[in-house]
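Enquirer: A structural model of the following input is requested.
(one chain, ligands or ions: 1)
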Amino acid sequence: MDIRKYNRSAWDRLVENKNEWTVPVSPEVIEKARRGEWSIVMTPLKPVPRDWFPPSMEGLKVLCLASGGGQQGPVLSAAGSHVTVLDNSPRQLAQDRMVAQREGLKMRLVEGDMRDLSAFGDGAFDYVVHPTSNLFVPDVLPVWKECYRVLKPGGTLIAGFCNPIMYMFDLKLEQQGILQVKYAVPYSDLEHMDDPDRLEVRGEWDTLEFGHSLEDQIGGQIKAGFYITGFFEDNYRPDEGEVLPNYTSTLITTRAQKPAC
Ligand SMILES: C[S@@+](CC[C@H](N)C(=O)[O-])C[C@H]1O[C@@H](n2cnc3c(N)ncnc32)[C@H](O)[C@@H]1O
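Expert: Residues are numbered from 1 along each chain as shown. This next block holds a predicted model:
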C-alpha cells in the first residue's frame, strides 16, 4: 500500500469537496494580517497563543509543514515572514498559489513528504508550523527529526496532533451516542481496511490515518532534541456528530524549542 499516494488522492478529493481544511483565507484576513492582526490554528478551534511568536514576524523564515490549503502560509506571509509551504497534495498547494496570486504574496510551494525535508538545508528556518497532519503518516519520529534538522539553533516548532484516544471507539455506536472501546492504540487504518464501519461512517474522509502514541508525539519531540515549552489541548465541536468531545479534549498543540547552542 502506497500510503502517501493514497492520501494525496484523498486530499485532492477533499479540496474538490471544499472540506473546511482546504478552504483558503479571505482577503479580509490577509488585509488584517498585513496590519499585524493575525492568528493561526494548529487544531480545530483554539488559536496558537500570540506570544508563542515574536511581536514582529518580519523577515522570519517559516516552514508551514503539511499545511497546504491557503490558510497558515498566506497569513504568516502577509504578516511579513518568508514562507515555504510543504504539502503532499497538489490541489492543497494550488489553494496557497491562488491566495498568493490574489494577494501579491511571495511564498515557496513544495510538493513533498513531511518525513523527508531533504529539499531544505540544515538550520534553514526560524519556525516550523505543523498543523494537525501527522495522522496521515504511519511513523512520526522521522518528522520530528527532520523538523529539528531544518530549524536554526534556537528555532521553534509549533505542532498540532491528535490524542490517540480519538481512534479507540466504535464509530457506528458513537453516532448513536455510545462510547464503546473497539480499537487499540497506537491505531493504524492498515489493520482495519476491511472494517465496513470505517468507510461508511467516515464519509468523505477516505484518508489512511494513524493514531500515534503520546510517547511518539511528545516523547518523540524530546528524543529528537527539543525542549517542550508550551502545551494546550483543543477539541472538535461536539455538534460535528462526535460524542467524545463532550467528555475529553482530543487534540494537542505543543511549542518546542531547539536549543540555541
Ligand atoms: C488537516 S490538513 C492540514 C492543513 C490545513 N492548512 C490546516 O489548517 O489544518 C492535513 C494536510 O496534510 C497533508 N499531508 C498528508 N500526508 C502528507 C505527507 N505525507 N506529507 C506532507 N503532507 C501531507 C494533506 O495533503 C493536507 O493538506
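
Enquirer: what's the helix or strand for Arg91?
Expert: Assigned by DSSP states H and E, Arg91 belongs to helix 90-103.

Enquirer: which other residues reach that helix?
Expert: 8, 11-12, 15-16, 22-25, 27, 30, 68-70, 73-74, 77-78, 85, 87, 105-107, 109-111 (CB atoms under 8 Å, 6 or more residues apart in numbering). All C-beta spots, glycine's among them, are computed from the backbone N, C-alpha and C.

Enquirer: now stretch 182-197
Expert: Against stretch 182-197 from outside (CB under 8 Å, 6+ apart): 1, 3, 138, 164-165, 167-172, 198, 208-213, 216.

Enquirer: 6 Å - rerun?
Expert: With contacts defined as CB atoms under 6 Å, 6 or more residues apart in numbering, stretch 182-197 is touched by 164, 167-168, 170-172, 198, 208-213.

Enquirer: Can you flag which of the residues you listed belong to strands?
Expert: In this view, these that belong to strands under DSSP state E are Phe210, Gly211.

Enquirer: so which two of the contacts of stretch 182-197 are the farthest from each other?
Expert: Pairwise distances across the contacts of stretch 182-197 peak at 25.0 Å for Lys172 and Ser213 (criterion: CB to CB).

Enquirer: May I see the ChimeraX selection of the buried members of the contacts of helix 90-103?
Expert: Here is the ChimeraX command that selects the buried residues among these (16 or more other CB atoms under 10 Å):
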select :8,11,12,15,22,24,25,30,68,69,70,73,74,77,78,85,87,105,107,109
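
Enquirer: can you tell if the helix holding Arg91 touches the ligand?
Expert: Yes: for helix 90-103, a contact with the ligand is found by CB under 6 Å from any ligand atom, at Gln92.

Enquirer: The next helix or strand after that helix to helix 90-103, inter-axis angle?
Expert: For helix 90-103, the succeeding helix or strand toward the C-terminus, using DSSP H and E, is strand 107-111. With axes from the mean of the first three to the mean of the last three CA atoms, to 10 degrees defining the directions, strand 107-111 sits at 170 degrees from helix 90-103.

Enquirer: Pull up the pairing partners for strand 107-111, direction included.
Expert: Within its sheet, and counting by DSSP bridges, strand 107-111 is paired with strand 82-87 (parallel).

Enquirer: Give the members of the contacts of helix 90-103 that are also in contact with the ligand.
Expert: Within these, those near the ligand by CB under 6 Å from any ligand atom are Trp11, Gly68, Gly69, Asp87.

Enquirer: mind checking the SS state of the nearest residue to the last one once chain neighbours are set aside?
Expert: By that I understand Asp87. The shortest distance from Asp87 to any non-neighbouring residue, by CB to CB, 6 or more residues apart in numbering, is to Gly68 (3.3 Å). Counting by DSSP: H, G, I helix; E, B strand; the rest coil, the backbone at Gly68 sits in coil.
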